[in-house]
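> Provide a 3D model corresponding to the input given below.
(chains A, B, C and D)
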2 protein chains.
Amino acid sequence: MPANRTSRPDLRRSILDAARTLLHQDGYAGLSMRNIAGAIGYSATSIYLHFENKEALFNALIDEGMGLLHEDLDAVGASGGQVLDRFRALCERYMEFGLRRPEYYEIMFLLHPERSARFPEDMYRRARRNLDYMVQVLREGRQQGLFVVEDIRVSASGIWAALHGAVSLLLAQRIDVGISRDSFIAAVIQQQVQSITAAMPAVST
Amino acid sequence: MPANRTSRPDLRRSILDAARTLLHQDGYAGLSMRNIAGAIGYSATSIYLHFENKEALFNALIDEGMGLLHEDLDAVGASGGQVLDRFRALCERYMEFGLRRPEYYEIMFLLHPERSARFPEDMYRRARRNLDYMVQVLREGRQQGLFVVEDIRVSASGIWAALHGAVSLLLAQRIDVGISRDSFIAAVIQQQVQSITAAMPAVST
DNA sequence: TTTTCTCGCTTAACACTGTTAATCTGAGGC
DNA sequence: GCCTCAGATTAACAGTGTTAAGCGAGAAAA
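I've put the predicted structure just below:
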């Protein structure tokens, strides 16, 4: 029996919200179709009226997460300010997103590496937009003679990899407990800064 | 019916090998107890005579993988040579391990971030030994005045995170296909080098 | 008003999964 | 020959994603 048949359920939206909530509460392991359905007072098979299968449901959530991440990173781009500050902010914002919304980050970047072969093409495109923020700020920094990068796209990928690795290990609690989260994040960002501002013998000597 | 009852089966070993092979062939999704057992001609419940549960089986595999990784990294330490070269080699070897043995790397560092809370303590210790290789070479480099790092342990963690992120994204095929694997790896290593050799105004000016 | 149709949702079922309990089997010791 | 016991098995349970069939109420048609 539907929880509230009168109020124009918009079941699809409810499913997504319930899935996200359960993901946040119990993690990926405790998330089943019957679970999601039960949380909103429907039967499991109702979900299939709105999503082709579990993977499609996840892709919809991933899509939402990408949108949120883009919002965060967009805010950095629009903030103006020095290019180095914006680079730092970009790194910080990315990591902060992963740590603040682990349920999203997990399904967006952490889960099922083997499945990504079946990933929809446009999902890839959205993920690649993450990189574009980085690419743009690197290009700008290079134009101003502040950053030293050979291939911008490769460097941006490397920096993204570093940030992603840091978030992954933090979420998995695999960073030494003797290291404070904040100092680790600061160090990671500092490493990225040094990796692009380093080795400028022509200017500094 | 056992595949070969006469030949002193050493079932435990067979189980681990079968699990590893299946993991390599079909990925984590296609790995079930019945699958593993079927591959060596036993029933699924036989596995429970040698492993408490599936997680224990995985932990045994993870343990093996850690051993292999340590062997690889040890070889670098014993190689002698310049400290910077050894640092590079350490980075390269780590990434190469992940790419050469994805089935091990996946269960060691990629799978089930949520489950790691239940991770056995000594498993953590072994994982932390990875870091010690890095810590040692950083310390040596600093003593020689080549590396500039504030907190060695934090820096080592940051570098490990970067390497881990690079391996993760490569394995998940989330690095732009327009970027060659080798140039990406080279760039990541170069970034790590710059992150610890950068900003030496006192010496360079 | 009565019949038919349609759509949203449900139940039943299938083939899986990890795991436990109970059972079988066959070799070694008496 | 009989007993014991360890190694392996079958049966079963609760759970999973997913499909097929069925139900019920409201709209449309007669």
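
> What number of residues are in the vicinity of A:Lys49?
Actually, residue A:49 is Leu. It isn't Lys. Using other Cβ atoms under 10 Å in any protein chain shown, A:Leu49 is surrounded by 10 other residues. (Each C-beta comes from the backbone N, C-alpha and C, glycine too.)

> average pLDDT across the helix or strand harbouring A:Met134?
Here A:Met134 sits within helix A:121-143, counting by DSSP states H and E. Taken as a whole, helix A:121-143 carries a mean pLDDT of 87.

> And stretch A:23-35, by the same measure?
91.

> And for A:Ile15, nearest residue in space, chain neighbours not counted?
Of all residues not flanking A:Ile15 in the chain, A:Ile47 sits nearest, at 5.6 Å (Cβ to Cβ, 6 or more residues apart in numbering or on different chains).

> before we move on, the earlier item: tell me which strands and helices the very next helix or strand once past the helix holding A:Met134 is in contact with?
The helix or strand immediately downstream of helix A:121-143 is helix A:152-171, counting by DSSP H and E. Helix A:152-171 makes packing contacts with helix A:83-100, helix A:102-105, helix A:121-143, helix A:181-197, helix B:152-171, helix B:181-197 when contacts are defined by 3 or more Cβ pairs under 8 Å, 6 or more residues apart in numbering or on different chains; DSSP states H and E.

> most packed of the ones you listed?
Mean neighbour count (mean count of other Cβ atoms under 10 Å in any protein chain shown) peaks for helix B:152-171 among the helices and strands packed on helix A:152-171, with a mean of 25.

> tell me how far that helix is from the chain's mean position?
Centroid separation for helix B:152-171 versus its chain: 11 Å, with Cα atoms, centre = their mean, to the nearest Å.

> and it with helix B:121-143, angle?
Computed by axes from the mean of the first three to the mean of the last three Cα atoms, to 10 degrees, the angle separating helix B:152-171 from helix B:121-143 equals 110 degrees.

> DNA strand C: which of the helices and strands packed on helix A:152-171 is closest?
DNA strand C lies closest, by Cβ to the nearest atom of the strand, to one member of the helices and strands packed on helix A:152-171: helix B:152-171, at 21.6 Å.

> tilt between the closest one and helix A:181-197?
Computed by the same axes, to 10 degrees, the angle separating helix B:152-171 from helix A:181-197 equals 70 degrees.

> can you pull the contacts of A:Phe58?
Taking Cβ atoms under 8 Å, 6 or more residues apart in numbering or on different chains as the criterion, A:Phe58 is in contact with A:Ile107.

> sorry, back to before: for the residue nearest to A:Ile15, give its distance to A:Phe87.
42 Å (Cβ to Cβ, to the nearest Å).

> could you say what helices and strands the helix holding A:Met134 packs with?
Judged by 3+ Cβ pairs under 8 Å, 6+ apart, the packing partners of helix A:121-143 are helix A:54-78, helix A:83-100, helix A:152-171.

> so can I have a markdown table of those helices showing mean pLDDT?
Listed next are those as a markdown table, based on pLDDT from 0 to 100:
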| stretch | mean pLDDT |
| --- | --- |
| helix A:54-78 | 93 |
| helix A:83-100 | 97 |
| helix A:152-171 | 97 |
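
> Could you save these as a markdown table and add columns showing distance to A:Leu111?
Shown next, in a markdown table, are those (distance: least, Cβ to Cβ, whole Å):
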| stretch | distance to A:Leu111 |
| --- | --- |
| helix A:54-78 | 8 |
| helix A:83-100 | 13 |
| helix A:152-171 | 11 |
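
> what about A:Glu55, neighbour count?
Neighbours of A:Glu55 using other Cβ under 10 Å come to 14.

> closest one to DNA strand D among the helices and strands packed on helix A:121-143?
Smallest distance to DNA strand D across those (Cβ to the nearest atom of the strand): 3.3 Å, for helix A:54-78.

> Flag every buried residue along that closest one.
A:57-62, A:65-66, A:69-70, A:72-73, A:76 (16 or more other Cβ atoms under 10 Å in any protein chain shown).

> closest to B:Ala187 among these?
Distance to B:Ala187 across the buried residues of helix A:54-78 (Cβ to Cβ) is lowest for A:Leu73, with 21.7 Å.

> Tell me which residue of chain A lies closest to chain B.
In chain A, the residue that lies nearest chain B is A:Gly165 (2.4 Å; Cβ to the nearest Cβ).

> Wait, A:Gly104 touches A:Asp72, no?
Heads up, residue A:104 is Tyr, not Gly. No. Using Cβ atoms under 8 Å, A:Tyr104 makes no contact with A:Asp72, being 11.1 Å away.

> Quick check: neighbours shared by those two?
Residues touching both A:Tyr104 and A:Asp72 (Cβ under 8 Å, 6+ apart) are A:Phe97.

> residues in contact with A:Val76?
Taking Cβ under 8 Å, 6+ apart, one finds A:86, A:89-90, A:93, A:133 in contact with A:Val76.

> scratch that, A:Asp182
A:Asp182 sits next to no residue when contact means Cβ under 8 Å, 6+ apart.

> now swap in A:Met108 and tell me
Applying Cβ under 8 Å, 6+ apart, the residues near A:Met108 are A:62, A:65-66, A:69, A:127.

> repeat that for 7 Å
Residues in contact with A:Met108, defined by Cβ atoms under 7 Å, 6 or more residues apart in numbering or on different chains, are A:62, A:65-66.
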